[in-house]
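How does the following fold in three dimensions:
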Amino acid sequence: MTQRQQPSERLGKTLARVARDQGLDQERLRRWVSFLTICGVLERATTEGLLAGYYLKGGVAMELRFAQRARATKDLDLVLDGDRRTRLRSFEQALRLGFDQFSFRLKGQVHEMDLADTVRVEVAIQHRTRAWQTVEVDLGPTTKTTVDLVEPAIAGLHEMGVKVTSPVRCISLSEQVGQKLHACTAPNTSSTRARDVLDILLIETLGQLDYAAALASARRVFQERATHDFPPQFAVPPTWRPELEALAEQLGFPVSAAADIERMFRETIQRIAASARD
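Numbering: from 1, shown residues only. Got it, this is the predicted structure:
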């Protein structure tokens with residue numbers, strides 16, 4: 001019996017074996033399967049004309065690009081056309097299509113996030129006849145942006161016999177940098193934005209930061225949102241220091257002290273701003 005032919009009750013055991021053999025966290029590998037099966041049903045819905053399109057942003061877009069090198073995330077940030085009601089209806093219709101041996105349904109309450117113009121839902125995923133996982137999905141609005149077709153860098157899925165959707169549609173790295181740079185330097189920004197600092201530094205550390213493209217994106221985002229000027233002044237809020245240092249250590253960054261991370265990030269901002277003169 002091949003891996004693709006294993007009965008559904010064996011998939012969890014297969015995941016555990018593959019995670020152990022490849023040194024992967026089991027829950028993280030399970031979430032990767034969930035994320036990519038949702039991408040699979042979205043691609044199917046786009047091909048069949050139920051969706052005008054979609055793209056991923058946030059932490060999951062980073063994970064699909066960089067796998068273990070990116071920080072782990074538990075929710076999926078998804079962008080669809082239309083107002084909140086239209087997005088919810090389109091997403092629910094798309095889920096009914098299913099993907100490979102997986103099926104999906106919405107569960108629990110729908111949460112309206114008015115300030116972000118976003119709908120938060122829970123998606124219950126089933127593999128054949130067995131529950132697989134429940135994933136939180138944020139359905140956000142489209143904005144002026146560019147999208148990359150990304151080949152997922154996720155390990156272990158082939159060995160599990162799971163069908164992989166490739167490529168998937170992710171917000172471009174330059175757009176992601178521009179949005180994250182605005183979010184983590186905005187006045188009175190959320191404490192959860194500490195992770196954006198390390199996301200930008202990771203992109204640069206991996207040699208994936210296009211300074212000129214990031215500058216163009218940042219200038220547009222800062223102008224559209226009009227909360228503060230570009231280039232921004234940055235100082236690490238004291239409440240961010242424990243999370244920054246823990247994440248830097250976890251991700252194997254060359255520095256882990258908050259003061260060093262602050263220095264690196266200021267230098268990154270300067271390089272982005274200086275690219276206009278190159």
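
From the contact counts, what lies against the helix or strand harbouring R195?
Element membership of R195, judged by DSSP states H and E, is helix 194-205. Under the contact definition 3 or more Cβ pairs under 8 Å, 6 or more residues apart in numbering; DSSP states H and E, helix 194-205 sits against helix 58-66, helix 173-185, helix 241-251, helix 258-274. Any C-beta I mention is one placed from the backbone N, CA and C, and that applies to glycine too.

Switch those over to CSV; also include distance to T129, mean neighbour count and mean pLDDT.
Below are these laid out as CSV (distance: least, Cβ to Cβ, whole Å; neighbours: other Cβ atoms under 10 Å; pLDDT from 0 to 100):
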stretch, distance to T129, mean neighbour count, mean pLDDT
helix 58-66, 27, 24, 95
helix 173-185, 38, 24, 95
helix 241-251, 36, 16, 93
helix 258-274, 47, 17, 96
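
Tell me which of the ones you listed approaches Q101 most closely.
helix 58-66 (20.8 Å; Cβ to Cβ).

Quick check: what element follows the closest one along the chain?
Toward the C-terminus from helix 58-66 - assigned by DSSP H and E - lies strand 75-80.

got the CA coordinates for the helix or strand that that following strand is followed by in CSV?
Later in the chain than strand 75-80, the nearest helix or strand by DSSP H and E is helix 84-95. Extracted C-alpha coordinates of helix 84-95, given in CSV (Å, rounded to 0.1, in the frame of the first residue of the first chain):
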residue,chain,number,x,y,z
ARG,A,84,-17.4,41.5,4.4
ARG,A,85,-20.7,39.8,3.6
THR,A,86,-19.5,39.0,0.1
ARG,A,87,-16.2,37.7,1.3
LEU,A,88,-17.8,35.4,3.8
ARG,A,89,-20.3,34.1,1.3
SER,A,90,-17.7,33.5,-1.4
PHE,A,91,-15.4,31.7,1.0
GLU,A,92,-18.1,29.4,2.3
GLN,A,93,-19.1,28.5,-1.3
ALA,A,94,-15.5,27.8,-2.1
LEU,A,95,-15.1,25.5,0.9
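
Contacts for helix 84-95, please.
Residues outside helix 84-95 that contact it (Cβ atoms under 8 Å, 6 or more residues apart in numbering): 41-42, 44-45, 50-51, 78, 80-82, 104-106, 110, 112, 117-119, 121, 123, 137, 139, 141.

Please name every helix or strand in contact with whichever helix or strand comes after that helix.
Sequence order places strand 102-113 as the next helix or strand after helix 84-95, per DSSP H and E. Judged by 3+ Cβ pairs under 8 Å, 6+ apart, strand 102-113 is in contact with helix 26-47, helix 84-95, strand 118-127, strand 130-141.

returning to what we had before: from the middle of its chain, how far away would the helix holding R195 be?
On the basis of Cα atoms, centre = their mean, to the nearest Å, helix 194-205 sits 13 Å off its chain's mean C-alpha point.

taking the mean pLDDT, what do you get for the following helix or strand past it?
Using DSSP H and E, the helix or strand that directly follows helix 194-205 along the chain is helix 211-225. For helix 211-225, the mean pLDDT works out to 95.

and the angle from helix 211-225 to helix 194-205?
Angle between the axes of helix 211-225 and helix 194-205 is 150 degrees (criterion: axes from the mean of the first three to the mean of the last three Cα atoms, to 10 degrees).
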